[in-house]
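In: next comes the sequence, and after it the predicted model I'd like to discuss.
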Amino acid sequence: MEQFSDVILLELARILTSPSFRNAQSLSRLLRFLVERTLIGDVDQLKESVLGVEVFGRAPSYDVQSDPIVRVTVRRLRLKLSEYYATEGARSAVRIDLPAGGYVPRFSGSGVAYGGPLQQQEALHRSGGTILVLAPAGQNVFDQFRQANTYAAGTRGGSEQSYAHAHPAFSPDGNAIAFDWKGPDDAVDGIYVQSLDAEGPACLSRSGVREVRPAWRPDGSRVAYLRETAEGRFEVRCTPVLGVGDRLIAETWVGAADPPRVDWYPDGRLLVTAERQTQGHPLRLALIAVGDGDRQPITTPPTEIVGDDEAVFSPRGDLLAFRRSVSIGVEDVYVLSLRSRYEICRVTHDNCRIYGFSWDSNGESIVISSLRDGKYPGVWRVPLAGGSTTRLTEASECAVWPSLCARGGRLAYVRQTPSAPNSPGGQIVIMAGV
């Protein structure tokens, strides 16, 4: 049986991604705040003065009598919920209402009955975390669908830098993409998830500090990512896609290097990322046990090079592809065998910038973003057993950070402005028929 909080969070997600609420940003923000605070037992804070500051950005000293923003919006939200359950939500097994005379939501339906703050605090304590809700972030990232071959993330409104997406990762079922993004209301990069059948993206975490490099657990239930705690120092964290239980798995230090990639072993028990042993040592790859955070270094690069990073497991888990950097801009892809005494084989001989890569579904080739043609980085399919290399993107296109879907032959990548190929992000594109 699903936990109480999980059931409510799923219903909240359905409401906030529905046509009725999709473009109602102030109502969505208020409902999300009320439900989250109720589930963690913080109902004492659900009063007009607090809502005005926390939800609507009023100054702490604002006069609730002269500024009725909370009362007006609550009335609108109450009516909107009634309309939702009379139409789109008529068949919902769970119902979220906002009774008149207060700001504490009521949960009911299918055996669910709100039992008060203490019950929810206990349920949350058993789950070991804080409430994380997938809810629309306001800006429609995927704003146009071209039936022929792409599904593009637009940059409507604001500056390009404010809407720069990076490091897309397909969910195992191919129905969603996780990515890092500094959205229009964000001070730093955060982890977002875009369901391909929804209009807008969802923020997976609102910690207020930089979070990057999402990676889906193979069963699709969780996303691992990096949280920056100091310059060059990151926490490897893991959060459920819906529900509670965000937790710290381990820490990694890379010094002046970019945030390293993190990836899951197929059985979900191990993660791989890059680390630097001490200042002056090259980056190396390390396996991290998800259960207790224990780690095992698995590469020993030459001391005079930059090192190894960008590691990703093959679908069967017998191989590990990674990037070895001799120096900045002199890079290639290597494959390490996890079942043959960590034997390493070189895959490319480009000696140029490598901007990420992804395994195909059968583990027989790797899709690589490389600057091999000398002008713009493009996405190439490189077979491991030899044979011809195929370019998948246009020669005039600046394409980086590819992610292949395990199902359906789709490729996601970031399309950058050709004049700024080293910018942190760009426009996410999905190509079909790869």
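Out: The structure has been received and is ready for your questions.

In: contacts only, for residue 170.
Out: Residues counted as contacts of residue 170 (C-beta atoms under 8 Å, 6 or more residues apart in numbering) are 176-177, 216, 403-406, 410, 412. Quick note: C-beta positions are derived from backbone N, CA and C, even for glycine.

In: can you list these in CSV and add pLDDT and neighbour count?
Out: Output for those, formatted as CSV (pLDDT from 0 to 100; neighbours: other C-beta atoms under 10 Å):
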residue, pLDDT, neighbour count
176, 89, 22
177, 92, 28
216, 96, 24
403, 96, 24
404, 95, 25
405, 92, 21
406, 84, 19
410, 90, 21
412, 93, 24
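
In: okay, those in TSV with secondary structure next?
Out: Formatted as TSV, the contacts of residue 170 follow (DSSP: H, G, I helix; E, B strand; the rest coil):
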residue	secondary structure
176	strand
177	strand
216	strand
403	strand
404	strand
405	coil
406	coil
410	coil
412	strand
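
In: what is the nearest of those to residue 265?
Out: Closest approach between the contacts of residue 170 and residue 265, by C-beta to C-beta: residue 216, at 12.6 Å.

In: nearest residue to that closest one in space, please, no chain neighbours.
Out: Once flanking residues are discounted, residue 216 sits nearest to residue 171: 5.2 Å by C-beta to C-beta, 6 or more residues apart in numbering.

In: where does the one you found land on pLDDT?
Out: On pLDDT, residue 171 comes in at 92.

In: tell me who's in contact with the nearest residue to residue 397 once chain neighbours are set aside.
Out: Closest residue to residue 397 apart from its sequence neighbours, by C-beta to C-beta, 6+ apart: residue 415 at 6.2 Å. Contacts here follow C-beta under 8 Å, 6+ apart; on that basis residue 415 touches 152, 397-399, 426-429.

In: tell me which strands the helix or strand hosting residue 235 pairs with, and in which orientation.
Out: Assigned by DSSP states H and E, residue 235 belongs to strand 233-240. The sheet places strand 233-240 alongside strand 222-230 (antiparallel), strand 247-253 (antiparallel), with pairing taken from DSSP bridges.

In: please identify the most buried of these.
Out: strand 222-230 (a mean of 20; mean count of other C-beta atoms under 10 Å).

In: how about low-confidence regions in the stretch 101-250 of the chain?
Out: 110-163, 199, 242-245 (pLDDT under 70).

In: what packs against the helix or strand hosting residue 429?
Out: Using DSSP H and E, residue 429 sits in strand 427-431. Packing partners of strand 427-431 (3 or more C-beta pairs under 8 Å, 6 or more residues apart in numbering; DSSP states H and E): strand 150-153, strand 165-170, strand 176-181, strand 411-416.

In: quick revisit: tell me the one of the contacts of residue 415 nearest residue 322?
Out: Closest to residue 322, out of all of the contacts of residue 415 and judged by C-beta to C-beta, is residue 399, at 20.5 Å.

In: tell me the contacts of residue 389?
Out: Counting by C-beta under 8 Å, 6+ apart, residue 389 touches 380-383.

In: so which of the residues you listed belong to helices?
Out: Per DSSP state H, helices hold no members of the contacts of residue 389.

In: who wins for neighbours among the residues you listed?
Out: residue 380 (23 neighbours; other C-beta atoms under 10 Å).

In: can you tell me what sits against stretch 44-63?
Out: With C-beta under 8 Å, 6+ apart, stretch 44-63 has contacts from 26, 29-30, 33-34, 37-38, 64, 67, 69-71, 73, 102-104.

In: which one among these gets closest to residue 191?
Out: The shortest gap between residue 191 and any of the contacts of stretch 44-63 belongs to residue 29, at 18.7 Å (C-beta to C-beta).

In: surely the closest one forms part of a helix?
Out: Yes: judged by three-state DSSP, residue 29 forms part of a helix.

In: that one: neighbour count?
Out: With other C-beta under 10 Å as criterion, residue 29 counts 19.

In: and the closest residue to it other than its chain neighbours, how far from residue 203?
Out: Once flanking residues are discounted, residue 29 sits nearest to residue 55: 5.8 Å by C-beta to C-beta, 6+ apart. With distances taken as C-beta to C-beta, to the nearest Å, residue 55 is found 15 Å from residue 203.

In: hmm, back to that, so what's the residue nearest to residue 397 scoring on pLDDT?
Out: pLDDT at residue 415 comes out at 91.

In: would you turn the helices and strands packed on strand 427-431 into TSV with distance to residue 22?
Out: Shown next, in TSV, are these (distance: least, C-beta to C-beta, whole Å):
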stretch	distance to residue 22
strand 150-153	17
strand 165-170	20
strand 176-181	16
strand 411-416	23
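
In: between these, which one is nearest to residue 303?
Out: The nearest among the helices and strands packed on strand 427-431, by C-beta to C-beta, is strand 165-170 at 28.8 Å.
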